[in-house]
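1. coords below, sequence missing:
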């Protein structure tokens, strides 16, 4: 399954996600802090959707109420809901 998500409240402008069942196959952020988003994408690869959500959903970036890792978790939550 391929997902395109438009994050809110962060510097990145888009997140493209590829899932293989419940496993995160790849993640690509458009915009944002390049090194950080590459790191998040690399760490998420191979993780289950539920594990990623559990670990990253509540991460904040500075004074923002969210972060790029949290926005990826929200995108994955929406994908789970849509799949049901």
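-> Noted; the coordinates are in hand. All of these numbers come straight from a predicted model, not from anything done at the bench.
2. tell me the contacts of the spatially most central residue of the chain?
-> Centrality entry for the chain: nearest residue to the mean C-alpha point is residue 72, 1.7 Å, by CA atoms, centre = their mean. By CB atoms under 8 Å, 6 or more residues apart in numbering, the contact list for residue 72 reads 5, 7, 15, 17, 27, 40, 44, 52, 56. Any C-beta I mention is one placed from the backbone N, CA and C, and that applies to glycine too.
3. The longest helix along the chain: which residues count as buried?
-> In the chain, assigned by DSSP state H, the helix with the most residues is helix 68-83. For helix 68-83, burial by neighbour count (16 or more other CB atoms under 10 Å) applies to 68, 69, 70, 71, 72, 73, 74, 75, 76, 79.
4. With stretch 6-24 instead?
-> Buried, per 16+ other CB under 10 Å, within stretch 6-24: 7, 10, 12, 15, 17, 19, 24.
5. Could you pull up the mean pLDDT of stretch 30-46?
-> Stretch 30-46 shows a mean pLDDT of 96.
6. For residue 8, pull up the helix or strand it's in.
-> Assigned by DSSP states H and E, residue 8 belongs to neither a helix nor a strand.
7. For the protein, which residues score under the pLDDT cut-off?
-> Regions of the chain meeting the criterion pLDDT under 70 are absent.
8. still on that earlier bit, which of the buried residues of helix 68-83 sits closest to residue 61?
-> residue 68 (7.0 Å; CB to CB).
9. The closest one contacts residue 61, doesn't it?
-> Yes. The pair residue 68 / residue 61 is scored as a contact, 7.0 Å apart, by CB atoms under 8 Å.
10. list residues touching both of the two?
-> In contact with both residue 68 and residue 61: residue 10, using CB under 8 Å, 6+ apart.
11. roughly how far is stretch 7-23 from the heart of the chain?
-> Distance of stretch 7-23 from the chain centroid (CA atoms, centre = their mean, to the nearest Å) equals 4 Å.
12. Run through the strands of this structure in chain order.
-> 2-5, 12-20, 23-31 (DSSP state E).
13. re earlier: could I get the buried residues of helix 68-83 in CSV, plus columns for distance to residue 33?
-> Listed next are these as CSV, based on distance: CB to CB, whole Å:
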residue, distance to residue 33
68, 8
69, 11
70, 14
71, 13
72, 14
73, 17
74, 18
75, 18
76, 20
79, 24
